[in-house]
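Q: can you look at this prediction? I've put the sequence above it.
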Amino acid sequence: LDALVEQSYANFSHPQITPVRKVGDVYVMELFHGPTLAFKDIALQLLGNIFEYILASSGGFMNIIGATSGDTGSAAIYGVRGKKGINIFILHPDGRTSPIQALQMTTVLDPNVFNIAVRGTFDDAQAIVKEIFGDLEFKDKLHLGAINSINWARVLAQVVYYIYGYCKLWKTGFQSVDFSVPTGNFGDIFAGFVAKRLLPDGCINRLILATNENDILTRFVGNGDYSTAGSVTPTSSPSMDIQIASNFERYLYYLHGEDGARVNADMETFAETGRLDLAEYQQKVAVDFVSRSVSEQETITTIAEVYARDNYLLDPHSAVGVKAALELADKERPVICLATAHPAKFGDAVKKAIGRDVELPPALADLENRESRCEIMDADVGKVKKYVQQHALA
């Protein structure tokens, strides 16, 4: 395991992997020093190496399939590109990621990498993946594996940086901290919830759940209303442009006292009606979470204000987390804001905020000049399954 960990993080650009910086009134943990400049690298570099190790030991093969709203796809692709015994199929919503996010995926031309742009939203792509995994005969025949945060190993790897962040501030004399987490899919903040349970009581005081205008999770925390609200609203933080949080069932399991049958019943109700009324649990939820939905204008303004005041540049997702932290942080303890992506990945939004282009790091500088490859398809599970079967290892 030590060797796998060392191998996974050897190509990160910062020696501390996830450094913590003081930025004005908050601390910022930078999670974007991996090869695709996003927090997903923390888990997916490790997961790719674990997959390769297991397959080499068993002589087997795997076909990975996943959906992405932006950063998971490129991080997963970079985690397994060129690895023996693995093919990877990534679905992303056509035209609904940032241009750089799309190019980071489609310019990887290794023969084991297959990109599918789905005509629809991330929720459409994720629903296709979930339905495919629900076909157990198809899953077993093709040895399908998951790289979305529905894979527990993804969440497990992310728990580590919460523990690390707490320990960094504990060494400076703080006994308790809050974390502010920009999230749409509930995966990253669920890792924080697990870390909170692992540490002694009070070490992590509260998790600030920050959403953009797609606010299903904020409504849940605020009043117990877990319901879809029409169509997805496109924002400058596209990785959070989600209506249905794929990891919510995991938290619901603990909310229901680890009663899996009740979780199944709730999710069946949600699938039928698009709504769960969880108001009776508000007191219990409030022990762990507070939440704030951050508007598009507030996001751009936060990028501009933090840059002007602290000479620090945030990407739009991280700005959502910082804005929520500044509004909701407990003055008695420090708050660590998770910076989930490099600002250069969202150059248009950052330029709108600060009035100039962002300098591209070497990993992004020539993306537009590279050859790309991608299959554009309707959001049809049958068509996607056919394409996967045609190109899968078997």
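A: Thanks, I have the structure now.

Q: all strands of the protein, in order?
A: 20-23, 26-30, 62-67, 86-93, 113-119, 144-146, 177-182, 204-211, 225-227, 275-277, 289-293, 335-339, 375-378 (DSSP state E).

Q: got TSV for those, with mean pLDDT too?
A: Listed next are those as TSV, based on pLDDT from 0 to 100:
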stretch	mean pLDDT
strand 20-23	98
strand 26-30	98
strand 62-67	95
strand 86-93	96
strand 113-119	98
strand 144-146	90
strand 177-182	98
strand 204-211	98
strand 225-227	97
strand 275-277	97
strand 289-293	98
strand 335-339	98
strand 375-378	97
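
Q: tally of neighbours for the nearest residue to I354 once chain neighbours are set aside?
A: Nearest residue to I354, sequence neighbours excluded (C-beta to C-beta, 6 or more residues apart in numbering): Y307, at 5.2 Å. Where C-beta positions appear, they are placed from N, C-alpha and C, glycine not excepted. By the measure other C-beta atoms under 10 Å, the count of residues near Y307 is 18.

Q: same question, the one 10 residues further on
A: Residue crowding around H317 was assessed by other C-beta under 10 Å; the count is 31.

Q: residues near G260, how many?
A: Counted by other C-beta under 10 Å, the residues lying close to G260 total 11.

Q: surely it and Y253 touch.
A: Yes - assessed by C-beta atoms under 8 Å, G260 is found in contact with Y253 at 6.6 Å.

Q: residues contacting K345?
A: 37-38, 71, 98, 100-101, 315, 364 (C-beta atoms under 8 Å, 6 or more residues apart in numbering).

Q: with I376 instead?
A: 94, 116-117, 119.

Q: so what's A153 closest to, chain neighbours aside?
A: Here the residue nearest A153, using C-beta to C-beta, 6+ apart, is L47, at 5.4 Å.

Q: in this structure that neighbour contacts G145, no?
A: No - using C-beta under 8 Å, L47 is not in contact with G145, being 9.3 Å away.

Q: of the contacts of I376 - the most surrounded one?
A: I116 (23 neighbours).

Q: which pLDDT value goes with the closest residue to T301 other than its chain neighbours?
A: Nearest residue to T301, sequence neighbours excluded (C-beta to C-beta, 6+ apart): A353, at 7.5 Å. Here the pLDDT value assigned to A353 is 98.

Q: count the residues that sit near V160.
A: V160 has 17 nearby residues by other C-beta under 10 Å.

Q: hang on, I meant P111
A: Around P111 there are 9 residues (other C-beta under 10 Å).

Q: distance check, it against N87.
A: 9 Å (C-beta to C-beta, to the nearest Å).

Q: if I look at R154, what pLDDT would I see?
A: 88.

Q: all helices for the stretch 201-350 of the chain, in order.
A: Along the stretch 201-350 of the chain, the segments classed as helices by DSSP state H, counting those that start in this stretch run 216-223, 248-255, 260-273, 282-288, 296-310, 316-328, 347-354.

Q: distance to Y162 added to the ones you listed, as TSV?
A: Compiled in TSV, the helices of the stretch 201-350 of the chain are given as follows (distance: least, C-beta to C-beta, whole Å):
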stretch	distance to Y162
helix 216-223	18
helix 248-255	15
helix 260-273	24
helix 282-288	13
helix 296-310	22
helix 316-328	14
helix 347-354	27
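
Q: ok so, going back, the residue nearest to T301 touches A308, doesn't it?
A: No - with contact defined as C-beta under 8 Å, A353 does not reach A308; the gap is 9.7 Å.

Q: if we can go back for a sec, for the residue nearest to T301, give me its contacts.
A: 300-301, 303-304, 307.

Q: tell me which of the residues you listed is nearest to V23?
A: Y307 (10.4 Å; C-beta to C-beta).

Q: and I208, how close does it get to L314?
A: Distance from I208 to L314, by C-beta to C-beta: 15 Å.

Q: and for A38, nearest residue in space, chain neighbours not counted?
A: In space, A38 is closest to D71, 3.7 Å off (C-beta to C-beta, 6+ apart).
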